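S.K.: Predicted model follows, preceded by the sequence.
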Amino acid sequence: MVMRDLRYFGDPVLKSPADPVTTFDDSTRALVEDLLDTVDIPGRAGLAAPQIGVGLRAFSYNVDGTIGYVLNPKIVELSEEKHEVMEGCLSLPGLSFPTVRARRATVKGVDLRNEPVTVSGEGLLAQCLQHEVDHLDGLLYIDRLTPEQRKQALREARSKDWFWSR
């Protein structure tokens, strides 16, 4: 079991769109194993590769006892019905803010054999799918906040010892 160190807000890898996975070899298998090991801690719902410093389109999830992963995920369906949920992020520890998300989401991608994978969910799983795909697109949940909330989030982030000062 390999627990990878997390990257925190301010690290450029978190704001860069991730590259597609193009090789399905031992290094990709090791990345998936690390993502699965690192998300397999109570209180963790999802983890994107950039959060462990890898700029590839891969994420793992751990919601209601279901643990899995998706390579090269794309959101293919979002419900029109939205709701505001409290959202946090492993890359912004100790912060949480109300974030608007679709109630249901579907992601399509591939597995380690480059075979199609579809993951659909509602509630926390839908929130997780949207959150992790955002990471792969170089977005953080605070980018979705109102200007006032974002200002508050940035102020709070700058006061944390994990914040990367530039």
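M.R.: Nice, I can see it.

S.K.: From now on I want contacts and neighbour counts done on CA atoms only, so please keep to that.
M.R.: Noted.

S.K.: So Val85 belongs to a helix, correct?
M.R.: No. Going by DSSP: H, G, I helix; E, B strand; the rest coil, the assignment for Val85 is strand, not a helix.

S.K.: what's the distance between it and Ser27?
M.R.: Val85 sits at a distance of 36 Å from Ser27 (criterion: CA to CA, to the nearest Å).

S.K.: Looking at these two, which is more packed in?
M.R.: Taking neighbours as other CA atoms under 10 Å, Val85 and Ser27 compare with Val85 leading, 17 against 10.

S.K.: What residues are recorded as beta-bridge partners of that one?
M.R.: Beta-bridge partners of Val85, counted by DSSP bridges, are Thr99.

S.K.: Check the spacing between Pro42 and Pro147 real quick.
M.R.: From Pro42 to Pro147 the distance is 32 Å (CA to CA).

S.K.: Kindly report the same for Ile52.
M.R.: 28 Å.

S.K.: again with Leu112
M.R.: From Leu112 to Pro147 the distance is 40 Å (CA to CA).

S.K.: Could you do Val54 as well?
M.R.: 29 Å.

S.K.: all strands of the chain, in order?
M.R.: For the chain, the strands defined by DSSP state E occupy 46-48, 58-63, 66-78, 82-88, 96-102, 104-110, 116-122.

S.K.: Can you say which of these is packed in most?
M.R.: Highest mean neighbour count among those (mean count of other CA atoms under 10 Å): strand 46-48, with a mean of 28.

S.K.: Give the full set of residues in contact with the closest residue in space to Pro98 that isn't next to it in sequence.
M.R.: Distance criterion CA to CA, 6 or more residues apart in numbering; nearest residue to Pro98, sequence neighbours excluded, is Met86 at 4.3 Å. Contact partners of Met86, counting by CA atoms under 8 Å, 6 or more residues apart in numbering, are 96-99.
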